[in-house]
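Asker: Need coordinates for the below:
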Amino acid sequence: MSEADTGWIETALTSARPQAVGALLRYFRDLDTAEEAFQNACLRALKTWPQNGPPRDPAAWLIMVGRNVAIDEVRRTRKQQPLPEDDQAISDLDDAEGALAERLDGSHYRDDILRLMFICCHPQLPATQQIALALRIVSGLTVKQIARAFLVSDAAMEQRITRAKAKVAEAGTPFETPGAIERSERLAGVAAMIYLIFNEGYSASGDTAEIRKPLCEEAIRLARLLLRLFQGEPEIMGLTALILLQHARSAARFAKDGSLILLDDQDRSLWNRTMIAEGLALIDKAMRHRHSGPYQIQAAIAALHARAATPEETDWTQIDLLYGALEVVQPSPVVTLNRAVAVSKVRGPQAALDLIEPLAPKLANYFHFYGVRGAFLMQLGRNDEARIAFDRAIALANTSAEAAHIRMHIDRLIRDSQPKGANGGARQGAKAK
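Answerer: Below you'll find the predicted structure:
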């Protein structure tokens, strides 16, 4: 069976992973055991689903198979303490977990995924380790994918995740409902992890966007759940509004051939107006709290784009000001790079170029830095320098859509550099006459 024929299996496994791993963690109370049980269940799925078709509930299938495989493994490695037969073992586990599940449900933690996130975002872990661990365990992202999100090397991220797992194991984290104070302390880490999950799906290229789309949908679902649990928290309103407003544009972001369509060139009639309305209502409500945070500011920027009926109606001056505010509360070279786009619209490409030049050392391996720099140079007519920037960008492209977009600019530079004859043709063509 071809890879195309089995693509639906990868989509199903990706979508089911958070729920399945969350349930397996609830059963076994150990991250490594839960993750290994899920991986074994995935291997079984890859063998049986192509012949039998997808189960009615893939997540439930993976949970049951993962539990059975893990129980069998315990039986093999602990022969001195024999376990009952499979059906009895599962029944005993259900009985043992029943009271705990009721307690959690009574505290409104009905979702295994959210409980899984709270375990990963343990307060003894630094924030970066919390997010990295949750991305690895909850969403199943590879070390390379997570490293790209953090702008660090693969080796550094591997060490970070390994240390995080070790700390969770050493802490003997009880799988219990965290109190109100502890929930608030972990909230920022959980919110950041949800947004990174969303970005991993949203940044997928045209040829993989559909496969990674469940990550965006999962992030939206988790953000809405988090908002139900923390209804008065303006930053969670901002987070939910931000990902809704961004995802609302997904249908217009790629052409039929998979190439990327920039915001100004998108068909705005394809934007999901229902989703936009929900996002706008949330950010308006959040701003009334007058306690702005980074998610609210980013959502306010997205809202200005969403409210503009045409690219020309975009309030770039206000976007520039909002990015300036974001630089204060969340200073980052990437934030400044994004602000430069607004600056180019308000004060021209030279001002924007001046703004990003100091960022070169910190963003030396960042695709978007060279793409944006090349665009500014091209607007200024500095085509040779633009070509150098675009060549560097295409070497750093993370997706085929990114590479194709940069290739389009390079092709334009090549065409513009060709001498033209009086009749508009290339000089070589005129000589051939």
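Asker: Please tell me how far Ala352 sits from Lys345.
Answerer: 9 Å (C-beta to C-beta, to the nearest Å). For every residue, glycine as well, the C-beta is placed using N, CA and C.
Asker: the more surrounded of those two?
Answerer: Legend: neighbour count by other C-beta atoms under 10 Å for Ala352 and Lys345, higher for Ala352 (25 against 18).
Asker: these two touch, right, that one and Ala340?
Answerer: Yes. Using C-beta atoms under 8 Å, Ala352 is in contact with Ala340, at 4.3 Å.
Asker: what's the overlap in contacts for the two?
Answerer: Common neighbours of Ala352 and Ala340, using C-beta atoms under 8 Å, 6 or more residues apart in numbering, are Phe376.
Asker: buried stuff in the helix or strand Thr317 falls within?
Answerer: Assessed by DSSP states H and E, Thr317 sits inside helix 316-329. Within helix 316-329, the residues that count as buried by 16 or more other C-beta atoms under 10 Å are Trp316, Ile319, Asp320, Leu321, Leu322, Tyr323, Leu326, Glu327.
Asker: Ok, stretch 187-203 next?
Answerer: Buried, per 16+ other C-beta under 10 Å, within stretch 187-203: 187, 189-203.
Asker: Sort out which of the residues you listed are in helices and list them.
Answerer: Among the buried residues of stretch 187-203, the members found in helices (DSSP state H) are 187, 189-202.
Asker: Find the nearest non-adjacent residue to Leu353, please.
Answerer: Distance criterion C-beta to C-beta, 6 or more residues apart in numbering; nearest residue to Leu353, sequence neighbours excluded, is Phe376 at 4.5 Å.
Asker: Please tell me how far that neighbour sits from Trp316.
Answerer: 15 Å.
Asker: coming back round to it: any residues touching the helix holding Thr317, and which ones?
Answerer: Contacts for helix 316-329 (C-beta under 8 Å, 6+ apart): 292-294, 297-298, 300-301, 304-305, 335-336, 338-339, 342-343, 345-346.
Asker: Derive a ChimeraX selection command for the buried subset of those.
Answerer: Buried members of those, defined by 16+ other C-beta under 10 Å, are picked up in ChimeraX with:
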select :292,293,294,297,298,300,301,304,305,335,336,338,339,342,343,345
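Asker: Among the contacts of helix 316-329, which lie within helices?
Answerer: Going by DSSP H, the helices hold 294, 297-298, 300-301, 304-305, 335-336, 338-339, 342-343, 345-346 from the contacts of helix 316-329.
Asker: tell me which of these is nearest to His122?
Answerer: Pro294 (22.7 Å; C-beta to C-beta).
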